[in-house]
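Chemist: Predicted coordinates and the sequence they were generated for:
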Amino acid sequence: MKYNSVFDIIGPVMVGPSSSHTAGAARIGKAARNLFGKQPTWAKIYLYESFAKTYKGHGTDFALAGGLLGLETDDPEISKSLDTAKEKGLEIEFIEDSASADHPNTARLVIGDDSEQLELVGISIGGGKVEITELNGFALRLSGNHPAILIMHSDRFGAIASVTKILAKHEINIGHMEVNRKDVGKEALMVIEVDQNVEDTILKELESADHIIQISKIVS
Amino acid sequence: MFRTVAELVEIAEKENILISEVMIRQEMDVQEKSRDDVFAEMEKNLQVMERAIDDALKGVESVTGLTGGDAVRIQTYMKEKTPLSGHLLLDAVSKAMGTNEVNAAMGIICATPTAGSAGCVPGTLFAVKNQLNPTREQMIRYLFTAGAFGFVVANNAFISGAAGGCQAEVGSAGAMASAAIVEMAGGTPQQSAEAFAITLKNMLGLVCDPVAGLVEVPCVKRNAAGSSLAIVSADMALAGVTSKIPCDEVIGAMYRIGKQMPSSLRETGEGGLADTPTGRLLKEKIFGISV
């Protein structure tokens, strides 16, 4: 089921004017920032279909910027985010892409700083609910409703078991999990949605597990 | 978990509980939260709705100047004249439009189910309230009942204009409000379903064609249509009128119609009212570009 809570329908509390184009956009921006783990210094944001055609009127641009700055959907500061981003040294470029997309409200965010970058595709499916459908070239489906751990690892046997063993030891329940790889034996991405926030000490433990390359987490 | 309106009504009838209670129990179960927590969370949403209406009745205006002030205009008219459509109905219209005027002015609202359609549920609630004198708990239940129906639509069809046109937004919102009014007025779960079906049937095919892509024209006034239709359908259902096409099939029809809608009529600001001479002129004025 795409929606599993009554508060997806009655909610979110948000700054207007559009749940999919403003609140949803802010949540996509925030997911990107959380995955990047810090404030980026630059962002290239590609907008598709309805996002591309109406982003100025709906405030999709300032909402995405607000999300990248870490703001919530109901933060009144969100409408000033384009100015705030400039003040905080975040350069944002919006690109209207005429290519078609699987979903009418699609944004591709490429963000980074001097040392690293991250590419993410988010869709806003209605009523402020979003899904992350692509991360650094890996297809995935992440609702952003729950805390999640994203684990870049080598595509070897035992990699998944080493991670789930640690989570089980700490009594962390997995709500949803998927694994994607670029090619046999190459880099792979494990996405694990969990019910509660995962402590940094557990992340450290996961990092030192077999075949693990990099770990990041999303706090819901 | 219920997936359809038929299942939702069946659970309510079998256990002899309200629709709102089915939704509350599911929420407690799925989110592993206590009844108090679930109620407290909804109470917060109710407060946001109340504040938005208060702000609207003081008068707001959007940045573009396209919308604002109509909620106040209607309230003034109601005080000075005897409205033809009746006090309660026009009060709902004013409060629904007011909520969306606040939304267009980038104020804080609660999406029900979306921001563009955020007026229908609270607008009707705060109008019906004056006649039915509900307790605070019943007002919170109103939102759970509306949410239960919206939950079915969101999972079986869509609730965004970009995906399914305005029928998916204001159509769903008005229909959700109808179902909630019926429960508050003492109707049965099945009557809520009938009211929902009647409203949604009359919203089928409604396109999303916002002028300049803004959630203003015609969105604010479409909430007037959604909220008034919600009250009329609720009365019809309470009178014993039923929908020949069952509720879930109406939702299915809404989904198929949305799938057939061209993208120019799904929140791209390209077709319909957006593509009228005045619609284009307004866009040019607002964004300073020729279209």
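Modeler: The structure has been received and is ready for your questions.
Chemist: B:Glu13 and B:Glu7, how far apart?
Modeler: To B:Glu7, B:Glu13 is 11 Å away according to CB to CB, to the nearest Å. To be clear about C-beta, it is placed using only N, CA and C from the backbone, and glycine gets the same treatment.
Chemist: All the helices of the stretch 51-200 of chain B, residue numbers only.
Modeler: Secondary structure of the stretch 51-200 of chain B (DSSP state H, counting those that start in this stretch): helices at B:70-80, B:87-104, B:120-132, B:136-156, B:161-164, B:166, B:172-184, B:189-201.
Chemist: deepest of the ones you listed, which one?
Modeler: helix B:172-184 (a mean of 33; mean count of other CB atoms under 10 Å in any protein chain shown).
Chemist: elements contacting that one?
Modeler: When contacts are defined as 3 or more CB pairs under 8 Å, 6 or more residues apart in numbering or on different chains; DSSP states H and E, helix B:172-184 packs onto helix B:19-31, helix B:120-132, helix B:136-156, helix B:189-201, helix B:219-238.
Chemist: now the longest one: mean pLDDT?
Modeler: Same thing as helix B:136-156. Mean pLDDT, helix B:136-156: 98.
Chemist: helices or strands next to that helix in the packing?
Modeler: In this structure, helix B:136-156 packs against helix B:5-15, helix B:19-31, helix B:35-58, helix B:120-132, helix B:172-184, helix B:189-201, helix B:247-260, with contacts taken as 3+ CB pairs under 8 Å, 6+ apart.
Chemist: okay but A:Val130 is in contact with A:Ile123, surely?
Modeler: Yes: using CB atoms under 8 Å, A:Val130 makes contact with A:Ile123 at a distance of 6.6 Å.
Chemist: now the one helix or strand in chain A whose mean pLDDT sits lowest, how far from the centre of its chain.
Modeler: Lowest on mean pLDDT, DSSP states H and E among the helices and strands of chain A sits strand A:212-218, with a mean of 83. Chain-centre distance of strand A:212-218: 13 Å, with CA atoms, centre = their mean, to the nearest Å.
Chemist: What strands line up against it, and which way round?
Modeler: Strand A:212-218 has its sheet partners listed here by DSSP bridges as strand A:148-154 (antiparallel).
Chemist: surely B:Ile251 meets B:Ala157?
Modeler: Yes: applying CB under 8 Å as the test, B:Ile251 and B:Ala157 come out as touching, 5.4 Å apart.
Chemist: And for A:Asn4, the neighbour number?
Modeler: Neighbour count of A:Asn4, defined by other CB atoms under 10 Å in any protein chain shown: 17.
Chemist: which residues sit in contact with the nearest residue to it once chain neighbours are set aside?
Modeler: Leaving aside its chain neighbours, A:Asn4 sits nearest to B:Val30 (5.8 Å; criterion: CB to CB, 6 or more residues apart in numbering or on different chains). Residues near B:Val30 by CB atoms under 8 Å, 6 or more residues apart in numbering or on different chains: A:Asn4, A:Ser5, B:Met1.
Chemist: Provide the secondary structure category for the first one.
Modeler: This means A:Asn4. Assigned by DSSP: H, G, I helix; E, B strand; the rest coil, the conformation of A:Asn4 is coil.
Chemist: so the closest residue to A:Ile174 other than its chain neighbours, which of the three states?
Modeler: The shortest distance from A:Ile174 to any non-neighbouring residue, by CB to CB, 6+ apart, is to A:Ile192 (5.6 Å). Secondary structure, three-state DSSP: A:Ile192 is strand.
Chemist: what do you get for the one 4 residues further on?
Modeler: Per three-state DSSP, the local secondary structure of A:Gln196 is coil.
Chemist: State the distance from it to A:His170.
Modeler: With CB to CB as the criterion, A:Gln196 and A:His170 are 10 Å apart.
Chemist: pLDDT below threshold where in chain B?
Modeler: Applying pLDDT under 70 to chain B flags the ranges B:289-291.
Chemist: any chance of the contacts of B:Val30 in a markdown table, plus distance to B:Gly164?
Modeler: Converted to a markdown table, those look like this (distance: CB to CB, whole Å):
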| residue | distance to B:Gly164 |
| --- | --- |
| A:Asn4 | 20 |
| A:Ser5 | 21 |
| B:Met1 | 22 |
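Chemist: Tell me who's in contact with A:Phe62.
Modeler: By CB under 8 Å, 6+ apart, the contact set of A:Phe62 is A:Ile78, A:Ser79, A:Lys80, A:Ser81, A:Leu82.
Chemist: which ones among these are found in helices?
Modeler: In this view, these that belong to helices under DSSP state H are A:Ser81, A:Leu82.
Chemist: among the contacts of A:Phe62, which one has the lowest pLDDT?
Modeler: In terms of pLDDT, the lowest of the contacts of A:Phe62 is A:Ser79, showing 91.
Chemist: ok, which residues in the stretch 51-200 of chain B are in contact with chain A?
Modeler: The stretch 51-200 of chain B has residues B:102-116, B:118, B:121, B:143-144, B:146-148, B:150-151, B:154-155, B:158-163, B:168, B:176 near chain A, with proximity defined as CB under 8 Å from any CB of the partner chain.
Chemist: Closest to the centroid, which residue in chain B?
Modeler: Taking CA atoms, centre = their mean, the centroid of chain B lies closest to B:Ala173, which sits 2.5 Å from it.
Chemist: where does chain A dip in pLDDT?
Modeler: Applying pLDDT under 70 to chain A flags the ranges A:144, A:219-220.
Chemist: what residue lies at the spatial centre of it?
Modeler: Here the mean C-alpha position of chain A is nearest to the C-alpha of A:Ala31 (CA atoms, centre = their mean), at a distance of 3.1 Å.
Chemist: you'd agree that one is up against A:Gly122?
Modeler: Yes: if you go by CB under 8 Å, A:Ala31 and A:Gly122 touch, sitting 6.4 Å apart.
Chemist: so what's in contact with those two at the same time?
Modeler: In contact with both A:Ala31 and A:Gly122: A:Val130, A:Ile132, using CB under 8 Å, 6+ apart.
Chemist: tell me how far the ends of stretch A:106-118 are from each other?
Modeler: 17 Å (CA to CA, to the nearest Å).
Chemist: Tell me how far A:Leu142 lies from A:Ile218.
Modeler: When distance is defined by CB to CB, A:Leu142 is 7 Å away from A:Ile218.
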